[in-house]
Structures are given as C-alpha cells and as structure tokens.
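**Q** Would you be able to build a 3D model of this:
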Amino acid sequence: MVSSYLGQAGTNIRKIFDFVKNKRIMLFLDEFDAIAKKRDDANELGELKRIVTTLLQNMDLMPANVFLVAATNHHHLLDPAIWRRFDSSILLELPVAAQRQQMIEKFFYEKLPEYKIDIKTLVILTDGMSGAEIQSFMQALAKHCVLGGIKNNISQKQIVEIWLQQNTLFISENSEDFMKALYKLKKNGISLPTLEEITNIPKSTLDYRFKKESVDDK
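**A** Just a heads-up that it's a prediction; the model follows:
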C-alpha cells in the first residue's frame with residue numbers, strides 16, 4: 001500500500017476500500033501503524049498526514065457489509081482518531097508463566113517426546129517473550145538437539161547456550177548488551193560456573209561486571 005511516490009499511498013488505500021465496499025467480507029489490515037501513525041509526529045512528512053486522513057475518510061464511508069480488523073505491535077503509535085473508528089480493541093498481553101509452561105510442554109510433547117528437559121529453566125528464560133519468540137526459541141533448541149546428536153536429556157547448559165545465541169545474535173561479545181544478557185541469566189538463577197563454561201569469561205570477571213550491572217539497576 002505504501003508508495004514512495006507522492007499521493008500514491010492514499011490512492012492505494014482508496015482502491016482497497018473501493019474493492020471491498022460491494023462485498024460481504026472481512027478486511028484485515030496487518031502492521032496497521034504503517035498507515036495509521038499519529039499525525040503530530042514531528043519526524044514525519046506531510047504525506048503521512050494525508051495518508052491517515054484518507055484512511056479515516058474511507059473508514060467513515062465503509063458500509064456495514066465490510067467487517068474491518070486491524071493489527072499492530074505498536075498501538076502507542078496510532079493516531080487517536082483511529083481508535084474512535086473501531087467498536088472494540090483487544091490487547092494481547094505477553095504470556096504469563098503458566099501459559100509459557102503450557103506452550104513449552106506442548107511443543108516438546110509433539111516434537112521431541114522422548115527428551116527430558118528442564119521446563120522450569122525454560123519458563124524462567126522465556127519471561128518477556130511473545131508467543132512467536134518462544135516458538136522460535138523452542139525450534140532453535142530442537143534443531144540443536146537433533147543436529148547435535150543429543151540424546152534424551154537436554155541440559156541446563158544447552159538451554160542457556162541457545163537462549164544466549166537467540167538473544168545476542170547481532171551484538172558483539174565485548175558489548176554492554178552482551179553483558180546485560182549474561183546478567184539477566186545470572187538474575188534468573190544461572191550459576192557463574194555455567195556462564196563461565198559457555199562464554200569462556202572467567203568467573204571473577206563476570207562477578208565484577210555483574211556487580212556493576214547491579215549498581216546500574218539501582
């Protein structure tokens with residue numbers, strides 16, 4: 001829908017609404033913030049304001065035979081006028097511990113039923129992850145087991161190794177972000193010897209850096 005040509009994005013939006021107006025249909029707009037962002041954003045050009053205005057006008061003219069659904073991961077970016085065009089909104093929170101445990105157990109029961117795994121550690125390490133992120137983490141762990149020839153038992157060390165790979169994929173091991181990831185593992189009960197074995201960073205160095213991270217937290 002979004003075009004680099006001036007005015008074309010608004011035209012594309014109108015075409016979509018024109019296409020569905022005579023149909024009994026559900027129109028689903030994903031990544032909705034791309035066309036419904038706040039118009040008072042100082043970093044955006046005038047084209048965005050025209051796009052949002054066009055969207056609002058078409059939503060106001062939308063007939064009853066069209067059921068409109070929109071989704072975004074950035075609801076805080078949406079223009080306030082957008083919210084008034086919807087009869088209801090549903091906020092999907094991140095899964096709590098019990099939900100994460102259910103997802104993890106279901107995954108391993110279906111994919112690797114013969115393996116024993118430390119569910120408690122997985123539940124702790126997936127705190128703050130979305131359902132999709134948990135799924136990606138579980139798939140990476142399963143691939144590690146199958147391709148690495150690991151039989152029956154998945155150790156805490158192996159779980160932590162995959163978690164660290166997933167969460168530090170695009171950052172240097174010498175960066176502050178990498179140390180923050182290690183500190184999060186330590187706060188979640190992963191021992192210094194385990195972290196030393198995985199990273200080859202001496203326990204004394206890790207302990208010193210973690211004390212600094214602890215001070216920064218305060």
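**Q** Strands of this protein, residue ranges please.
**A** All strands of the chain, identified by DSSP state E, fall at 25-29, 66-70, 116-117, 153-154.
**Q** Could you identify which of the ones you listed has the lowest mean pLDDT?
**A** Mean pLDDT is lowest for strand 153-154 among the strands of the chain, at a mean of 82.
**Q** Would you mind extracting the C-alpha trace of stretch 17-36 into PDB?
**A** C-alpha atoms of stretch 17-36 as PDB (Å, rounded to 0.1, in the frame of the first residue of the first chain):
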ATOM      1  CA  PHE A  17     -11.800   0.200   0.200                       C
ATOM      2  CA  ASP A  18     -13.500   0.600  -3.200                       C
ATOM      3  CA  PHE A  19     -12.700  -3.100  -4.000                       C
ATOM      4  CA  VAL A  20     -14.400  -4.400  -0.800                       C
ATOM      5  CA  LYS A  21     -17.300  -2.000  -0.500                       C
ATOM      6  CA  ASN A  22     -19.800  -4.100  -2.500                       C
ATOM      7  CA  LYS A  23     -18.700  -7.400  -1.000                       C
ATOM      8  CA  ARG A  24     -19.700  -9.200   2.200                       C
ATOM      9  CA  ILE A  25     -16.200  -9.500   3.500                       C
ATOM     10  CA  MET A  26     -13.700  -9.100   6.400                       C
ATOM     11  CA  LEU A  27     -10.900  -6.700   5.600                       C
ATOM     12  CA  PHE A  28      -7.800  -7.400   7.700                       C
ATOM     13  CA  LEU A  29      -5.100  -4.700   7.800                       C
ATOM     14  CA  ASP A  30      -1.900  -6.000   9.400                       C
ATOM     15  CA  GLU A  31       1.000  -3.800  10.500                       C
ATOM     16  CA  PHE A  32      -1.600  -1.100  10.900                       C
ATOM     17  CA  ASP A  33       0.800   1.500  12.300                       C
ATOM     18  CA  ALA A  34       2.300   1.900   8.800                       C
ATOM     19  CA  ILE A  35      -0.700   3.800   7.600                       C
ATOM     20  CA  ALA A  36      -2.300   5.000  10.800                       C
END
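**Q** What segments of this structure are helices?
**A** Using DSSP state H, the helices found in the chain span residues 8-20, 46-60, 80-83, 97-111, 119-125, 131-147, 156-167, 176-187, 192-199, 203-217.
**Q** What's the local residue count around residue 198?
**A** 18 (other Cβ atoms under 10 Å). Yep, even glycine has a C-beta here, placed from its N, CA and C like the rest.
**Q** Could you find the closest non-adjacent residue to it?
**A** residue 161 (5.5 Å; Cβ to Cβ, 6 or more residues apart in numbering).
**Q** For stretch 184-204, give the mean pLDDT please.
**A** Per-residue scores along stretch 184-204 average to 90.
**Q** I misspoke; the intended subject was stretch 83-91.
**A** 93.
**Q** do the same with stretch 107-114
**A** Per-residue scores along stretch 107-114 average to 88.
**Q** what about it, distance to the chain center?
**A** The chain centre lies 24 Å from the centre of stretch 107-114; the measure is Cα atoms, centre = their mean, to the nearest Å.
**Q** In that stretch, which residues are buried?
**A** Residues of stretch 107-114 classed as buried: 107-108, 112 (neighbour count, 16 or more other Cβ atoms under 10 Å).
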